[in-house]
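J.: Build the 3D model from these lines:
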Amino acid sequence: MNVLYVSPAGNDGWSGRLPEANAEKTDGPLATLAGARDAVRRLKRAGRLQHGFTVYLRGGRYAMTQSVRFGPEDSSGVCYANQPGERPVMDGSVLVSDWQATTVNGVVAWVADVSTILRRFPRQPRSLFVNGERRLRPSLPREGRFQIEDVPGNTVHSQLFDGVTSFVTAPGDLQEYKNLQDIEALVNHFWVEERMPLVGWNPLTRLLESSRKSIFCLKAAFGPEWATYRLENVFEALKEPGEWYVDRPAGRLYYVPMAGETVETCEIRLPVLTQLIVVQGDPAAGKYAEFICFRGLHLIHTDWEQVQGNVPEHNQKEVTPGVLLASDAQAAESCPGVFQLDGARNIAIEDCTIAHGGFYGISADHCRGLRIVGNHLHDLGGGGVKLRGTDANGPKELRSGEHRVSDNHIHHIGEVFKAAIGIIGTHVYATAIIHNHIHDTHYSGISVGWVWGYAPSVSCDNTIAYNHIHNIGRKVLSDMGAIYTLGVQPGTTIHHNLIHDVVTLHYGGWGIYPDEGSGHMVIENNVVFNTQESCLFVHYSRELIVRNNIFVGGKHSTISLGRSESHNSFTLTGNILVTDGGVLHHVGYASSAMKPTFLADHNLVWDLSSKTPHGTVVPGEKKTTITLAELRQAGTEAHSLVADPGFVPATHYAFALSADSPAHPMGFRAIDLSQVGPRVAEKRD
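T.: This is a model prediction of the structure:
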């Protein structure tokens, strides 16, 4: 028999060979995932582990008080799967009960003694879930954000990495608060949110001091304004329905119920774990955890902790070793996963749900050959999926690649770590990110790369295709794209993606965003519309090919180039480029002596408001707009057609073309987006 069973009604002292307990209650299913793992280990040591072995988890809730860890000794070809038709739930929380009515800050609230829980799990609780929904800690101000008045050690001309541990608050914004050191100041600026735990606030000087140093200078963005912030976990602000607070010294949990909630109808859960499943190999020693499958599991209710904070390799000199940072430099890159893998190979995570968590749903370091398919990842403090390897200078055994991340639904992420990304691959190669649906993020949807500039890169031969990405940014951070790349990536293709509704806090809400040094990629057959700024923004690049895309609108321009260089940045040909009162192209902060260094021709161009688009904005002491006629005379868009593309009402936002569209004679190939997004299991590859 090549099956074991696990059930919440089981017993880890039983054999696991029966799906239910026998009549004598002397044998039956195992009780825990850890118990099943141990039973498989025993079978393996005894030489009795058969090919195609499956551990079936019966439906119900599995209370977890410690992570289940798998290692090289568990490399076995075993699949841990849900019993068909049943829903096993791995739950990292404890139920809080014995609530009493009270009054706090003038409102009716409930209070419970959680001192026993805090002694057993000695950490600061940061998450609470009521009937499966995330509840928020009280914050100030109630609406909007506080404005930093001044930053000792910074000026408005400070460099990006001039971080600090203190700033001056404006008069009247703060007061002396209870449990001050449990309060955090959250500073949104650039493309990160700094989380700065308070250690002191002087009511006379109004100087706020933090135990962590901001990763960046505390400007709002690349301008003269200071950043804004809010305070989180303030007892005195506990007033709004749905808010909660743990008074750690007193061991008491307060909750302000929402309309219609009663103690009898509420299941209130306090997470006690941050991670539920950990697969840990030792890649430096050549020992990998391999050939394990996880299918149909539900992982819920986990907490988060503030991570160390990290900066890219080329900026290591900017920070002081050992100093705790208030944020990663980008993408919440050091945030781990609820499902964590390190040094794993040929692991499958399929049709699982990971929700109501504090970290990334799935995080994999130094892994190869992962199959992450058909999962539902949502309501997460971090992002959806994070794949991380070493750079071109690192040991080959630590490299990451040959992954498939497909058919996942990822949404409402970055609930804690705002800069987290739907799917990110740092230093990955030969990885397919396809057929995913990603929406409601605070930062980018998909990101691949991690080398700034033209340095050698591991990233190559990646595919980003058939993804539906929308509602990105939500006006929380800046400098983002629905698809964001970094560095030279030969062989990488971005095609058949549907992108729309990208908004930003200060600047940089782009559709497809090849950032610093992105090069040698092909971008084709994508549909991008309704972006706050350009549909395609190329910061600086080398030899990109951009063809047969539909780019509609963009607040300022349809296409942007951030910096002109001496080589060809990209070739733009065979596209449909539609503006709505904006400009066709925009060239950013290059020297006024340099002309735009991209090739654009044989496109169909149109302006929804004036029919003939403006041409190109070029830099200089005064920005100059070159008309389309002048642009064509100079050789750019010389053979492009100015005509209404003839869009017809479309399914899947596909911007279908009418039969008599002028795009057809010019050779434009219809973009079929009917396969965008997750597929049913029978049609996956």
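J.: Quick check: which element contains the residue nearest to residue 371 when sequence neighbours are not counted?
T.: Take residue 371 and drop its neighbours on the chain: the residue closest to it by Cβ to Cβ, 6 or more residues apart in numbering is residue 348, 4.2 Å away. C-beta here means a position set from N, CA and C on the backbone, and glycine is covered the same way. Taking DSSP states H and E as the criterion, residue 348 maps to strand 344-350.
J.: ok, back up a step: cross-check the contact I'm expecting between the residue nearest to residue 371 and residue 373.
T.: Yes - using Cβ atoms under 8 Å, residue 348 is in contact with residue 373, at 7.3 Å.
J.: quick one: which of the two has more around it?
T.: Using other Cβ atoms under 10 Å, the more surrounded residue of residue 348 and residue 373 is residue 373, with 24 against 18.
J.: mind checking the SS state of residue 499?
T.: Using DSSP: H, G, I helix; E, B strand; the rest coil, the structure places residue 499 in strand.
J.: List of residues touching the strand holding residue 348?
T.: For strand 344-350, the external contacting residues (Cβ atoms under 8 Å, 6 or more residues apart in numbering) are 79, 279-281, 288-296, 339, 341, 362, 364, 367-375.
J.: which of those count as buried?
T.: The neighbour-count criterion (16 or more other Cβ atoms under 10 Å) marks 79, 279-281, 288-296, 339, 341, 362, 364, 367-370, 372-375 among the contacts of strand 344-350 as buried.
J.: Of those, which belong to strands?
T.: Counted as lying in strands by DSSP state E, out of the buried ones among the contacts of strand 344-350, are 79, 279-280, 289-295, 339, 341, 362, 364, 372-373.
J.: and those, which two are the farthest apart?
T.: 280 and 373 (22.0 Å; Cβ to Cβ).
J.: Surely residue 610 and residue 580 touch.
T.: No - Residue 610 lies out of contact with residue 580 (Cβ under 8 Å); the separation is 9.3 Å.
J.: of the two, who's got more company?
T.: Neighbour comparison, residue 610 and residue 580: the larger count goes to residue 580, with 16 against 11 (by other Cβ under 10 Å).
J.: For that one, give me its contacts.
T.: By Cβ under 8 Å, 6+ apart, the contact list for residue 580 reads 552-553, 607-609.
J.: So which of these sit within strands?
T.: Per DSSP E, the subset of those in strands is 552, 607.
J.: Of the contacts of residue 580, which is the nearest to residue 231?
T.: Closest approach to residue 231 among the contacts of residue 580 (Cβ to Cβ): residue 553, at 37.6 Å.
J.: Neighbours of the closest one, how many?
T.: Neighbours of residue 553 under the rule other Cβ under 10 Å: 22.
J.: so it makes contact with residue 536?
T.: No - in this structure residue 553 lies outside contact range of residue 536 using Cβ under 8 Å: 11.7 Å.
J.: Phi, psi for residue 108 please.
T.: Here is the backbone geometry of residue 108 (degrees, to the nearest 10): phi -70, psi 130.
J.: beta partners of it?
T.: Per DSSP bridges, the residues bridged to residue 108 are residue 103.
J.: Report pLDDT for it.
T.: You'll see residue 108 listed with a pLDDT of 96.
J.: What separation do you get for it and residue 99?
T.: According to Cβ to Cβ, to the nearest Å, residue 108 stands 12 Å off from residue 99.
J.: Then residue 19?
T.: 37 Å.
J.: ok, now residue 248?
T.: Relative to residue 99, residue 248 is positioned 18 Å away (Cβ to Cβ).
J.: can you check residue 477 too?
T.: Taking Cβ to Cβ as the measure, residue 477 falls 37 Å from residue 99.
J.: more crowded one of these two?
T.: Remark: of residue 477 and residue 99, residue 477 carries more neighbours, 26 against 20, as counted by other Cβ under 10 Å.
J.: Quick check: pLDDT value at the more buried one.
T.: 95.
J.: Please give me every residue in contact with it.
T.: Residue 477 makes contact with 188, 190-193, 418-419, 442-443, 504-505 under the criterion Cβ under 8 Å, 6+ apart.
J.: what's in contact with stretch 246-261?
T.: Outside stretch 246-261, the residues within contact range by Cβ under 8 Å, 6+ apart are 96, 99, 102, 104, 107-115, 118, 124-125, 128, 130, 135, 178-179, 182, 235, 238-245, 266, 268, 270.
J.: quick one: that stretch to chain centroid distance?
T.: 30 Å (Cα atoms, centre = their mean, to the nearest Å).
J.: Could you tell me which residues within the helix or strand harbouring residue 433 count as buried?
T.: Using DSSP H and E, residue 433 falls within strand 432-434. Within strand 432-434, the residues that qualify as buried by neighbour count (16+ other Cβ under 10 Å) are 432-434.
J.: do the same with stretch 559-573
T.: Using 16+ other Cβ under 10 Å as the test for burial, stretch 559-573 gives 559-564, 569-570, 572-573.
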